[in-house]
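make a model of this:
(one chain, ligands or ions: 2)
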Amino acid sequence: MNCLFCKIIAGEIPSTKVYEDDRVLAFLDISPAAPVHVLVIPKEHITSAADITAENSSVIAHIFEVIAKIAKEKGIDGDGFRVVSNAGEHGGQTVHHLHFHILGGEKLSLRIC
Ligand code: 5GP
Ligand code: ZN
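Ligands and ions are numbered 1, 2, ... in the order given. Below you'll find the predicted structure:
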């Protein structure tokens, strides 16, 4: 499959990893929109939030556990942060593998990502 994030999971494209386990990978966004900008993705290819089903949704709960862990590690849990998942054309999704942006490290404007 010609999917950029599947290639990052496979190690075919390098990334700066923040967290990894058997189901989830987190890495720094190549073009950060905030001082802290991490992407968290399921290792299973799910195209977008529109494709979450009863069969694949357990990884989403795990992703949010990982998000809380990363927020603590990055020291942004206290001041707060934003989690964004763009879906489809109107959502502005550019990489069609489900991902959650963690954005923080400064007071974010209302329209970011
Ligand atoms: P989207 O626009 O689909 O919500 O988010 C895609 C994100 O992936 C963007 O923030 C973009 O900067 C990031 N991105 C695109 N290509 C790469 C890459 O090769 N490596 C990394 N680390 N991030 C990427
Ligand atoms: Zn993929």
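
return the set of buried residues in the top helix by length along the chain.
Scanning the chain for the longest helix, with DSSP state H as the assignment, gives helix 58-74. Within helix 58-74, the residues that qualify as buried by neighbour count (16 or more other Cβ atoms under 10 Å) are 59, 63, 66-67, 70-71, 74. The C-beta positions use only the backbone N, C-alpha and C, and glycine is treated the same way.

can you list contacts of that helix?
By Cβ atoms under 8 Å, 6 or more residues apart in numbering, the list of residues contacting helix 58-74 from outside reads 18-19, 21, 23-24, 26, 36, 38, 40, 42, 44, 46, 52, 77, 81, 83, 100, 102, 104-105.

on that earlier part again, reformat the buried residues of helix 58-74 as a markdown table; add distance to Thr94 and pLDDT.
Rendered in a markdown table, the data for the buried residues of helix 58-74 read as follows (distance: Cβ to Cβ, whole Å; pLDDT from 0 to 100):
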| residue | distance to Thr94 | pLDDT |
| --- | --- | --- |
| Val59 | 22 | 98 |
| Ile63 | 19 | 98 |
| Val66 | 22 | 98 |
| Ile67 | 20 | 99 |
| Ile70 | 22 | 98 |
| Ala71 | 24 | 98 |
| Lys74 | 23 | 98 |
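
could those go into CSV alongside distance to Ala87?
Output for the buried residues of helix 58-74, formatted as CSV (distance: Cβ to Cβ, whole Å):
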residue, distance to Ala87
Val59, 16
Ile63, 15
Val66, 20
Ile67, 17
Ile70, 21
Ala71, 22
Lys74, 25
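
tell me which of these is nearest to Val95?
Among the buried residues of helix 58-74, Ile63 lies closest to Val95 (Cβ to Cβ), at 15.7 Å.
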